[in-house]
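A.B. asks: my questions concern the predicted model and sequence given below.
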Amino acid sequence: MSMLDIITKKKLGQELTKAEIIEFTRGAADGSIPDYQLAALLMAIRLNGMTAQETTDLTLAMRDSGDVCDLSAIPGVKVDKHSTGGVGDTTTLVLAPLVAACGVPVAKMSGRGLGHTGGTLDKMESIEGLTVSLTEQQFVDQVNDIGLAVIGQTASLAPADKTLYALRDVTATVDSLPLIASSIMSKKLASGADAIVLDVKTGSGALMETVDDAIGLAKAMADIGKLSGKPVRAIVTGMGQPLGTHVGNALEVKEAIEVLSGKVKGDLLEVALLLGSHMLVLGKRAENIEHAREMLLSALRTGSGLSRLKAMIAAQGGNADCVSDVKLLPQPALIKEVKVGREGYITAMDTEALGYAAQAMGAGRVQKTDVIDYSVGYILPVRIGDKVTPDATLCTLYARSEADAIKAEAAIRAAITIGDEPVERPPLWYAVVTADGVERA
């Protein structure tokens, strides 16, 4: 069947066969199908959708278009975690060491930040000397040695997805549910884990702004898991405000260390415990979520989670002394405290705008080739629902210059709504989704 026939079939809303999906995916990976035909097919998929089977076939075809990581030399159930992205989302650096300390091996491939969302790799690289580029053998050996490794995705991971992802960006097909779900899951399945926990964000800083849309994406990915033989749980969590109080690469590493040291509690820790609990259950180390949470809290209290983070930093060439002295992390040229300036209640936040404020300070990228400044960002202690006074701290800016600080202050003030009437604090999570159904909070 020709590519024209495949486009026509999907244009008419018909279901593509596995062979047809493999055909165009192979062409996307090797460049034999021109962009204009791939673009036409993407729009047909955007307008007419895909069945769960089509979406799974596309996921597996993209997975198989490149290398698939073999983790069979690591004993136990390997559980991966993926977040759809947000601001102040430092959960990997908190939950991965805790989960590893509880006996579930964590062999994780992560991504970089782009746009308003931060990336785990950039945060890790703010630690002096640390590398996220390990060979597959080094990756496996490190997990076998200390139970934990977080590295970058290789260029040969799901190359068909890279082609289609770039085209979606310029053809107004980014918002296609089957294309989003298959893109995420192709990379997760290629990473070689036995089970996957997905953190699907919803709110003003998320890919899916409404809870129902987030549940729809979660269900699509859980269905892919079931049809491809991998246990998948998706938890829909809030991104109506930054998850942690620290935004920026070195600052988020600092917050992760403080959380694992037991010095800081709050939303970041709670979401890490929630996701980590599901990882322990899927990893067959805990009988239920309550048991899993107790195990994680024990690892937090004893310091074994923090020790595991320190071991990972050292194993990957980083200066592990930063765990006991966060001043060894990159420091900014300027630190400036900003006051609230009025009395009232924090009623809303534009989390996407808050992410872009950090990006403009130098903490993020506009293009993939941009160089980021690890030291910059801000601490935002206020949460939706808080009562504030004029002298209260709105944020503390970590900037390269006074000019950058002035721009950041204006952007952050514009992104935070202060009202006269109190509002309820938003939920931390909304639903747990599996292929068998949806359990709402």
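C.D. replies: In hand now; what should we look at? Numbers count the residues shown, from 1 in each chain.
A.B. asks: what are the ranges of the helices in the stretch 251-400 of the chain?
C.D. replies: Across the stretch 251-400 of the chain, reading from the start of the chain, the helices by DSSP state H, counting those that start in this stretch fall at 267-282, 289-302, 304-315, 351-358.
A.B. asks: and the angle for the third one with helix 267-282?
C.D. replies: Compare the direction of helix 304-315 with that of helix 267-282 by axes from the mean of the first three to the mean of the last three Cα atoms, to 10 degrees and you get 90 degrees.
A.B. asks: now for helix 304-315, which elements pack on it?
C.D. replies: Contact analysis of helix 304-315 by 3 or more Cβ pairs under 8 Å, 6 or more residues apart in numbering; DSSP states H and E lists helix 91-101, helix 136-146, strand 148-152, helix 249-260 as its packing neighbours. No exception for glycine: its C-beta is placed from N, CA and C like everyone else's.
A.B. asks: could you identify the helix or strand that succeeds the shortest one?
C.D. replies: Read that as strand 148-152. Under the assignment DSSP states H and E, the closest C-terminal helix or strand after strand 148-152 is helix 159-170.
A.B. asks: one step back: closest to I146 out of the helices of the stretch 251-400 of the chain?
C.D. replies: Taking Cβ to Cβ, helix 304-315 is the member of these nearest to I146, at 4.6 Å.
A.B. asks: thinking again about what came up before, turn the helices of the stretch 251-400 of the chain into TSV, including mean neighbour count and mean pLDDT.
C.D. replies: Putting these into TSV (neighbours: other Cβ atoms under 10 Å; pLDDT from 0 to 100) gives the following:
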stretch	mean neighbour count	mean pLDDT
helix 267-282	24	99
helix 289-302	17	99
helix 304-315	21	99
helix 351-358	24	97
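A.B. asks: export those as a markdown table, with columns for distance to A193.
C.D. replies: Rendered in a markdown table, the data for the helices of the stretch 251-400 of the chain read as follows (distance: least, Cβ to Cβ, whole Å):
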| stretch | distance to A193 |
| --- | --- |
| helix 267-282 | 10 |
| helix 289-302 | 17 |
| helix 304-315 | 17 |
| helix 351-358 | 27 |
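A.B. asks: adding mean neighbour count and mean pLDDT, write the helices and strands packed on helix 304-315 out as JSON lines.
C.D. replies: As requested, the helices and strands packed on helix 304-315 are exported to JSON lines (neighbours: other Cβ under 10 Å; pLDDT from 0 to 100):
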{"stretch": "helix 91-101", "mean neighbour count": "28", "mean pLDDT": "98"}
{"stretch": "helix 136-146", "mean neighbour count": "17", "mean pLDDT": "97"}
{"stretch": "strand 148-152", "mean neighbour count": "23", "mean pLDDT": "97"}
{"stretch": "helix 249-260", "mean neighbour count": "27", "mean pLDDT": "99"}
